[in-house]
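Participant: only geometry, no sequence info:
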């Protein structure tokens, strides 16, 4: 009965989040990722499994259900893949009885030195191995079917907490080097209201005096909130219509954008207007920098539209029904996200350093396992 009760409880938790995702009650990439990892932690803590394959299948089934509920929110699948990667890593560590060593991150090479600027100190906390605290790991034990889960769960909880900590501190980790990217008297252009870009710009404000030009980002007009927030933080801010971006670009020193999802080829989905800004920046040889956490790295490609994502907002905000004569004669498309090609982006500033678009595939290989690209 206890097993059935925990299984029903897990299903209820997953269904609740799936329903909230379906109704767009969870908004924002970081909030969605946090909700997903907290649900996965609860599912793992109550799940019964006697080998690693059963555990992986439980996580994958939860991931599939959540992704199907909101396929346009890529961070759901990314978080599931990240948790699966950590689970396999802890399992292999437990099987071999060795400490977790991520060779891909700890190894320094000339190529990485050139790509990342300078080697960062790896502050990897010492983790307690299973052999030290819980004894040996036995799968499919007929005498005690729950022994495997009982032994592995404490270490899995610790690994999942690492993912939660990474998500909770992502803004701080991206913003800590803001003053190295923003210089005094610069004029910076941004689009819409990205929490990551907002934190990045505010972090540099105590050290540099600069001006931010915010495009109003019609038809959502989220740029208004961004301009008000930056202005209240003491940053010189100018709000402009989207139509003036190209005319102003010759005066702009840097374009800083947020991202909804970073794709495997180094391109990204970003708020509508980002493609306009990036294209104008390329025409004027103005650098385009994207601030985004690594949880937005997505092992997918844009296979649908050359200029936008398959996510459309209400067309009435572009052409209202009061324009009765026009409505019957035109098809109005209001894409919520632009697709920005990798050649229009100069660098990604992430919580794990700065990377060019050409190295995104390597970051994805390090963050996820190949077998999890399709959940």
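Facilitator: Yep, it's here. Keep in mind it's a predicted model, so treat the numbers as computed, not measured.
Participant: Got the phi and psi for residue 330?
Facilitator: Dihedral pair for residue 330: phi -130, psi 150, per degrees, to the nearest 10.
Participant: Residue 348 now?
Facilitator: phi -110, psi 130.
Participant: which residues does it bridge with?
Facilitator: Beta bridges link residue 348 to residue 290, residue 355, judged by DSSP bridges.
Participant: what number of residues lie near it?
Facilitator: When neighbours are counted by other Cβ atoms under 10 Å, residue 348 registers 25. For the C-beta atoms, the positions are set from N, CA and C on the backbone; glycine is no exception.
Participant: Over to residue 293?
Facilitator: Residue 293, neighbours per other Cβ under 10 Å, totals 25.
Participant: Could you do residue 19 as well?
Facilitator: 11.
Participant: Quick one: residues contacting the closest residue to it other than its chain neighbours.
Facilitator: Nearest residue to residue 19, sequence neighbours excluded (Cβ to Cβ, 6 or more residues apart in numbering): residue 69, at 7.4 Å. Residue 69 sits next to 17, 18, 19, 21, 22 when contact means Cβ atoms under 8 Å, 6 or more residues apart in numbering.
Participant: hmm, 7 Å instead?
Facilitator: Shown in contact with residue 69 (Cβ atoms under 7 Å, 6 or more residues apart in numbering): 18, 21, 22.
Participant: Tell me which helix or strand residue 224 sits in.
Facilitator: Assigned by DSSP states H and E, residue 224 belongs to helix 223-232.
Participant: Can you give the contact residues for that helix?
Facilitator: 190-193, 198, 201, 212, 214-217, 237, 239.
Participant: Report the buried residues of it.
Facilitator: 223, 226, 227, 229, 230 (16 or more other Cβ atoms under 10 Å).
Participant: Nearest to residue 246 among the residues you listed?
Facilitator: residue 223 (16.2 Å; Cβ to Cβ).
Participant: next one: the helix or strand that contains residue 19 to chain centre, how far?
Facilitator: Per DSSP H and E, residue 19 falls inside helix 2-22. Distance of helix 2-22 from the chain centroid (Cα atoms, centre = their mean, to the nearest Å) equals 24 Å.
Participant: Identify all contacting residues around that helix.
Facilitator: For helix 2-22, contacts defined as Cβ under 7 Å, 6+ apart pick out 26, 35, 39, 42-43, 46-48, 62, 65-66, 69-70, 73, 76.
Participant: Rounded mean pLDDT for the helix or strand following that helix, please.
Facilitator: Using DSSP H and E, the next helix or strand after helix 2-22 towards the C-terminus is helix 29-46. Helix 29-46 shows a mean pLDDT of 93.
Participant: Quick check: buried residues in helix 29-46?
Facilitator: Neighbour counts over helix 29-46 (16+ other Cβ under 10 Å) mark 29-30, 32-44, 46 as buried.
Participant: Repeat that for stretch 163-181.
Facilitator: 163, 166, 167, 170, 171, 174, 175, 177, 178, 181.
Participant: Can you pick out the most distant pair from the contacts of helix 2-22?
Facilitator: Longest span within the contacts of helix 2-22, Cβ to Cβ: 48 and 73, 29.3 Å.
Participant: Comparing these two, which residue is more hemmed in?
Facilitator: Comparing residue 48 with residue 73 by other Cβ under 10 Å, the one with more neighbours is residue 73, at 23 against 16.
Participant: Which residues are in contact with the nearest residue to that one once chain neighbours are set aside?
Facilitator: Of all residues not flanking residue 73 in the chain, residue 32 sits nearest, at 5.2 Å (Cβ to Cβ, 6+ apart). The contact partners of residue 32, by Cβ under 7 Å, 6+ apart, come to 26, 73, 75, 76.
Participant: make it 10 Å
Facilitator: Residues in contact with residue 32, defined by Cβ atoms under 10 Å, 6 or more residues apart in numbering, are 17, 20-21, 26, 66, 70, 73-76, 78-79, 295.
Participant: Is it possible to get a markdown table of the residues you listed that adds pLDDT?
Facilitator: Below are those laid out as a markdown table (pLDDT from 0 to 100):
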| residue | pLDDT |
| --- | --- |
| 17 | 93 |
| 20 | 93 |
| 21 | 91 |
| 26 | 88 |
| 66 | 94 |
| 70 | 89 |
| 73 | 89 |
| 74 | 91 |
| 75 | 94 |
| 76 | 94 |
| 78 | 95 |
| 79 | 95 |
| 295 | 94 |
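Participant: Pull out the buried positions in stretch 10-27.
Facilitator: Neighbour count says stretch 10-27 has 10, 13, 14, 17, 18, 20, 21, 26 buried, by 16+ other Cβ under 10 Å.
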